[in-house]
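J.: Can you look at this prediction? I've put the sequence above it.
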Amino acid sequence: MEQAAKKQVIESLREQILSMQGYKTVSKSQHNISGLELFAPAFPGSSFPLQGSHEFISESQEQTAASSGFISGILSALMKDGSPCIWISASRKFFPPATKRFSLNAASIIFIDLQNEKELLWVTEEALKCEGLAAVVSEIPDLNFATSRRFQLVIEKSKVTALFLRENPRILSNTTCLARWKISPLPSILPEGMPGVGQPSWKAELLKVRNGEGGTFEVCWSGSTFEQPQKENTRALPIHELQTG
């Protein structure tokens, strides 16, 4: 009985600490959200964290494109209840019609294109205050601890998920983000014997997870959700090889 009581106290303290760091206790049904359960084991409590921020680091245009596609897959899961999303950028490269590939309604995504990083930071913070949004995506190259902490305090009130796409960041300092991802493109996957480009596929690396395990995942897009590649499927040539081969 004494051991059980100690264990309960420890679990309670762990939950309080994680809550203060941005991880909220969720119901069992929330642990498996439309494909995001593939990544859940890497996070505390085997639950993909939603009420916080994730940063996606890209070091090339290819990784930026792959990150945008991967983020679209996450949005597909978060927006299934019809909630809108805001996508903020000072140099947007995302092509709105591509949202159909990820079962997204482009009309539910509000794109805000700005002139400079100062405007981007202010609009991002204001967007994160909007309750009822499925997510806020912000293409913000540089993010320091103080700014990320300010964003986190806003998120704790609004419960909005923040996804920061950081292309070629000047400094990779510590932030309050719950996870740091690096998404790299893999050759698209085709059913055996079928021609074409196929479904997008990624190598998703969790470089840093607060109080989690991290890890590397190879996943593809099924047309409606993330899934692990099947052995019977074959890989299509990358687009640049199709064009030059």
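T.: Thanks, I have it.
J.: For the residue most central in space within the chain, which non-adjacent residue is spatially closest?
T.: In the chain, the centroid-proximal residue (C-alpha atoms, centre = their mean) is Ile71; its distance is 5.0 Å. Leaving aside its sequence neighbours, Ile71 sits nearest to Leu163 (C-beta to C-beta, 6 or more residues apart in numbering; 5.4 Å). (C-beta placed from N, C-alpha, C; glycine too.)
J.: Could you tell me which strands the host helix or strand of the one you found is paired with, and in which direction each runs?
T.: Per DSSP states H and E, Leu163 falls inside strand 161-167. Looking at strand 161-167 with DSSP bridges, its partner strands are strand 53-58 (parallel), strand 135-139 (parallel).
J.: What are the contacting residues of that strand?
T.: 50-58, 64, 67-68, 71, 74-75, 78, 124, 128, 134-143, 151, 155, 177 (C-beta atoms under 8 Å, 6 or more residues apart in numbering).
J.: burial count for the residue nearest to Ile71?
T.: Each residue near Leu163 was counted by other C-beta atoms under 10 Å, and the total is 23.
J.: picking up where we left off before, by neighbour count, sort out the buried ones in the contacts of strand 161-167.
T.: For the contacts of strand 161-167, a burial check counting by 16 or more other C-beta atoms under 10 Å picks out 50-58, 64, 67-68, 71, 74-75, 78, 124, 128, 134-141, 143, 151, 155, 177.
J.: would Met45 count as being in a helix?
T.: Wrong residue type there; residue 45 is Gly, not Met. Yes. Using DSSP: H, G, I helix; E, B strand; the rest coil, the assignment for Gly45 is a helix.
J.: rewinding a little: using PDB, list the CA coordinates for the strand holding Leu163.
T.: Extracted as PDB, the C-alpha positions of strand 161-167 are listed here (Å, rounded to 0.1, in the frame of the first residue of the first chain):
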ATOM      1  CA  THR A 161      -1.500  24.000 -31.800                       C
ATOM      2  CA  ALA A 162       1.400  26.000 -33.300                       C
ATOM      3  CA  LEU A 163       3.600  24.600 -36.100                       C
ATOM      4  CA  PHE A 164       6.700  26.700 -36.800                       C
ATOM      5  CA  LEU A 165       8.500  26.100 -40.200                       C
ATOM      6  CA  ARG A 166      12.100  27.400 -39.800                       C
ATOM      7  CA  GLU A 167      14.000  27.400 -43.100                       C
END
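J.: Show the subsequent helix or strand relative to that strand.
T.: From strand 161-167, the next helix or strand downstream (DSSP H and E) is strand 179-190.
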